[in-house]
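Participant: Okay, structure incoming, though there's no sequence with it:
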């Protein structure tokens, strides 16, 4: 290690000399964002958050102060002060100047902008509209409004909210790239609205705005286990829309929904999130989205009320088509039956291109598996769906041809599916080719920020399957699976939060979802196991391990972004929840709730797991109280009492065993720092023994999947983790991706022969991919200096790997860690963003670094 120390000293000497020779800094702020979004429209925050990174040739750069300047003109920017008044419907320009650690002024950034939306409820002038049908009526409502422009338009914005989904058109053109908008909420508590720039689609004179509304989660018209068909908010879809026109002369006009809008129904004959869309092209009225259409036979829209007291801007990326997949094979059974296979398991829908006779009905069924005869297998995803209508089949879209002789194109509007295979069946013969059915990957389009690769193809497969499964489970909320349920299971999300944030820029998505927790909480303080929920999942069946997402996810957002806004918003909800738990204790313990879900063989005591997560809740609440300047004492004291209770009841101090001594029980105690001082190594040794005695096979469920690899590594047993993670027999991650050939992670370690109740697109066992980034590449945050202001590099040069590459684009900038073997040496290269510091820890030896790129040899 002496050579290493000399090398690092030499690097620092060169950097210092370079800085001394430079009279003026060459640092500039880049990647300016408002509310973590790039030049967003529709910001509804009166105190927006401004973030940026640095581009610098000074590797030891640090910031001493910054100044943001803001204004309504890019040529007249004034210093920004916290709390300054912002106006609705306004574009603001801003830039930032920083001073380095020597007090030198750096270059000013380029100018960015954001636009405000409706900062006050009184900004809305439109009225909610629907049609005169009830909630059981199946055809989707259509709306339209003609208007004329008398002056030249400078800019035009649409603000649109819907209970249900909307598709919006102006002059026949679909508005925006989003699908399944707006995002899913508790519709009687909060509705989201979306802002679109529609300046370019307006005609000079005659114009028309049109919309069609889908049921979404607002009006589930079929039966399933989760009882959304009896949701308290269920009703006929409705909308609120304003087209705000700003003319060149500075005047403003608003075209808003009211009773002068016209309504009818048409080709959208049925839509349901569980089954799919039904579209009859024979019912299309040509030109209904345009100004020239004669709507005299349409009815006046019906005025209605807002479904919710809160109308909130959707400040996260929309659900979009991010990838198009051509089939890798097409199997033709006959002229009326085809099966399409795609390279990977995705979420989304298909685009059908077809010709045929008028009235020909084409059904497209979607699924993850094939039967032995090559037909589609849906047995693993249809167990919880209980349709009563003969035309309702899970994950099935239906298109009825107009039959003009021209090619017809159909893309669903109001449903999405989880699938790798699609079976196309028609009522009359049709000719289908590889070009006839394209798979569209559709999910909340948050930016990727992380990557991992290494010399072992199996680990790469596991990592890629994890990230694919994660993307497939983002549809305005993090879901468990995209086919069978589409529910926001809370434990799935908090177990996966590290792989999520290491892989994707998810703060806006999670802040939205955590607001759903506020709306979900009942008066008693309890939460449901799926969020949102119309009532299913409350009570004691699911319980504290799942509910811990209320604390774990805001804590993760703070660790990754250094941002407390989510904690501030959730704090009252957390207080009420902890009071709820306290009123449901039995002799200090929580005796209810699920535990190490989907375990292999070994079962871990649920009272133990529920109470340990209760302990963690209080630890995190104490942290939050301190961050917000509140009294943390009650939560610290409660955590101390719970720790004592847990150890008194569940810890065999002589043997070093927790509960039943399962892999999960041992790891969880160490993961949450429950183990009495001096006993940690004994508990860890017993964990390692349990794994080794099981031939290094895993034996746990979702809790163990997060804690066991992390703890084995912490106590020096990373080679045991490698033996576990490189298995290809069941139970293992390798069994899924190598032996079974899955491209996403499965829900259960093996799939039953009957294909019952087992999705193969679940991400909740995927924390092993976060472990790869944290421990093989070695990229970690420092919880005492959050937001990656200080980085902890802890790479492990494990046997069997020749090289590892990890990258993470943090809120401070790009962090990389890459190592490779060169003979009997290891060459490690790390990159620390400008303005940050780091430490490299290898084999208990630590090297401190400032910003820059470094090579170290071991």
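Facilitator: Great, that's in hand. Everything numeric in this text was worked out from a predicted model, so none of it was measured. Numbering: from 1, shown residues only.
Participant: C-alpha only now, for contacts and for neighbours.
Facilitator: OK.
Participant: end to end, how far does stretch 142-153 reach?
Facilitator: In stretch 142-153, first residue to last residue: 27 Å (CA to CA, to the nearest Å).
Participant: quick one: average pLDDT of it?
Facilitator: Per-residue pLDDT values over stretch 142-153 give a mean of 97.
Participant: Just say helix, strand or coil for residue 626.
Facilitator: Look at residue 626: counting by DSSP: H, G, I helix; E, B strand; the rest coil, its state is helix.
Participant: Report how many residues lie close to it.
Facilitator: Other residues lying near residue 626 total 13 when counted by other CA atoms under 10 Å.
Participant: And for residue 458?
Facilitator: 18.
Participant: you'd agree it is up against residue 738?
Facilitator: Yes: with the criterion set as CA atoms under 8 Å, residue 458 and residue 738 qualify as a contacting pair; they are 7.2 Å apart.
Participant: Contact partners for residue 333?
Facilitator: Remark: with contacts taken as CA atoms under 8 Å, 6 or more residues apart in numbering, residue 333 is in contact with residue 339.
Participant: Am I right that it is in a strand?
Facilitator: Yes: inclusion of residue 333 in a strand is indicated when three-state DSSP is applied.
Participant: Compute the first-to-last residue distance for stretch 181-200.
Facilitator: In stretch 181-200, first residue to last residue: 21 Å (CA to CA).
Participant: And stretch 284-297, by the same measure?
Facilitator: First-to-last residue span, stretch 284-297, CA to CA: 14 Å.
Participant: from the chain's centre, how far out does that stretch sit?
Facilitator: 39 Å (CA atoms, centre = their mean, to the nearest Å).
Participant: Kindly report the same for stretch 170-180.
Facilitator: Computed by CA atoms, centre = their mean, the separation of stretch 170-180 from the middle of its chain amounts to 23 Å.
Participant: 638 is where my numbering starts, stick with that
Facilitator: That works, and once the first residue is 638, the last one we named lands at stretch 807-817.
Participant: hmm, who's touching that stretch?
Facilitator: Surrounding stretch 807-817, the residues in contact under the criterion CA under 8 Å, 6+ apart are 802-806, 833, 835, 838-840, 844-847, 853, 924-928, 955-958, 1050-1052.
Participant: can you give me the mean pLDDT across it?
Facilitator: Across stretch 807-817, the average pLDDT comes to 98.
Participant: Likewise for stretch 1265-1275?
Facilitator: 98.
Participant: And that stretch, end to end?
Facilitator: 19 Å.
Participant: Cross the contacts of stretch 807-817 against strands and list the overlap.
Facilitator: Secondary structure defined by DSSP state E assigns 802-806, 833, 844-847, 956-958 of these to strands.
Participant: got the angle for the host helix or strand of residue 792 vs strand 802-807?
Facilitator: Under the assignment given by DSSP states H and E, the secondary-structure element containing residue 792 is strand 790-800. Inter-element angle recorded for strand 790-800 and strand 802-807: 160 degrees (by axes from the mean of the first three to the mean of the last three CA atoms, to 10 degrees).
Participant: Show me which parts of strand 790-800 are buried, residue by residue.
Facilitator: 790, 792, 793, 794, 795, 796, 797, 798, 799, 800 (16 or more other CA atoms under 10 Å).
Participant: Tabulate the ones in strands among the contacts of stretch 807-817 in a markdown table, adding columns for neighbour count and distance to residue 817.
Facilitator: Listed next are those as a markdown table, based on neighbours: other CA atoms under 10 Å; distance: CA to CA, whole Å:
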| residue | neighbour count | distance to residue 817 |
| --- | --- | --- |
| 802 | 26 | 6 |
| 803 | 26 | 7 |
| 804 | 21 | 8 |
| 805 | 22 | 11 |
| 806 | 20 | 15 |
| 833 | 16 | 15 |
| 844 | 20 | 25 |
| 845 | 21 | 22 |
| 846 | 25 | 19 |
| 847 | 25 | 16 |
| 956 | 22 | 7 |
| 957 | 21 | 9 |
| 958 | 18 | 11 |
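Participant: Redo the residues you listed as TSV? Include distance to residue 1246.
Facilitator: Rendered in TSV, the data for those read as follows (distance: CA to CA, whole Å):
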residue	distance to residue 1246
802	39
803	43
804	45
805	48
806	51
833	46
844	61
845	58
846	55
847	53
956	35
957	38
958	40
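Participant: closest to residue 937 among the residues you listed?
Facilitator: residue 847 (13.7 Å; CA to CA).
Participant: So that closest one sits against residue 805, correct?
Facilitator: Yes: assessed by CA under 8 Å, residue 847 is found in contact with residue 805 at 5.9 Å.
Participant: Tell me the spacing between residue 747 and residue 967.
Facilitator: Separation of residue 747 from residue 967 (CA to CA): 51 Å.
Participant: Settle it for me: which of those two has more neighbours?
Facilitator: For the pair residue 747 and residue 967, the greater number of neighbours falls to residue 967 (18 against 14), based on other CA under 10 Å.
Participant: got the contact list for the more buried one?
Facilitator: In this structure, residue 967 makes contact with 975, 976, 977, 978, 1070, 1071, judged by CA under 8 Å, 6+ apart.
Participant: swap in residue 784?
Facilitator: With contacts taken as CA under 8 Å, 6+ apart, residue 784 has the following neighbours: 843, 844, 845, 892, 928.
Participant: and of those residues, the nearest to residue 737?
Facilitator: Using CA to CA, those come closest to residue 737 at residue 892, 49.7 Å.
Participant: Okay, and the beta partners of the closest one?
Facilitator: On the basis of DSSP bridges, residue 892 is bridged to residue 880.
Participant: got a pLDDT number for it?
Facilitator: 98.
Participant: my read: it touches residue 898, true?
Facilitator: No: with the criterion set as CA under 8 Å, residue 892 and residue 898 do not qualify as a contacting pair; they are 10.2 Å apart.
Participant: who has more neighbours, those two?
Facilitator: When neighbours are counted by other CA under 10 Å, residue 892 and residue 898 differ, and residue 898 comes out ahead with 21 against 17.
Participant: Show me the shaky parts of the chain.
Facilitator: Low-confidence segments of the chain, defined by pLDDT under 70: 638-662, 1391-1393.
Participant: can you do 90?
Facilitator: By pLDDT under 90, the weakly predicted segments of the chain are 638-664, 693-700, 719-720, 738-739, 1388-1395, 1481.
Participant: quick one: the strands in the stretch 1238-1387 of the chain?
Facilitator: If you assign secondary structure with DSSP state E, counting those that start in this stretch, the strands in the stretch 1238-1387 of the chain sit at 1288-1289, 1294-1295.
Participant: tell me what the last one is packed against?
Facilitator: Applying 3 or more CA pairs under 8 Å, 6 or more residues apart in numbering; DSSP states H and E, we find strand 1294-1295 packed against strand 1288-1289, helix 1300-1308, helix 1317-1330.
Participant: now the last one, how far from the centre of its chain.
Facilitator: Which is helix 1317-1330. Helix 1317-1330 has its C-alpha centroid displaced from the chain centroid by 35 Å (CA atoms, centre = their mean).
Participant: And the contacts of that helix?
Facilitator: Taking contacts as CA under 8 Å, 6+ apart, the residues outside helix 1317-1330 that touch it are 1293-1295, 1298-1300, 1303-1304, 1307, 1312, 1334-1336, 1348-1349, 1352, 1354, 1357.
Participant: please redo it, this time with the cut-off set to 10 Å
Facilitator: Applying CA atoms under 10 Å, 6 or more residues apart in numbering, the external contacts of helix 1317-1330 come out as 1288-1295, 1298-1304, 1306-1307, 1310-1313, 1331-1336, 1345, 1348-1355, 1357-1358, 1360-1361.
Participant: Now that helix: buried residues?
Facilitator: Of the residues in helix 1317-1330, those buried by neighbour count under the rule 16+ other CA under 10 Å are 1317, 1319, 1320, 1321, 1322, 1323, 1324, 1325, 1327, 1328, 1329.
Participant: Mind putting these into CSV with distance to residue 1261?
Facilitator: Listed next are the buried residues of helix 1317-1330 as CSV, based on distance: CA to CA, whole Å:
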residue, distance to residue 1261
1317, 27
1319, 32
1320, 29
1321, 29
1322, 33
1323, 33
1324, 31
1325, 34
1327, 36
1328, 35
1329, 39
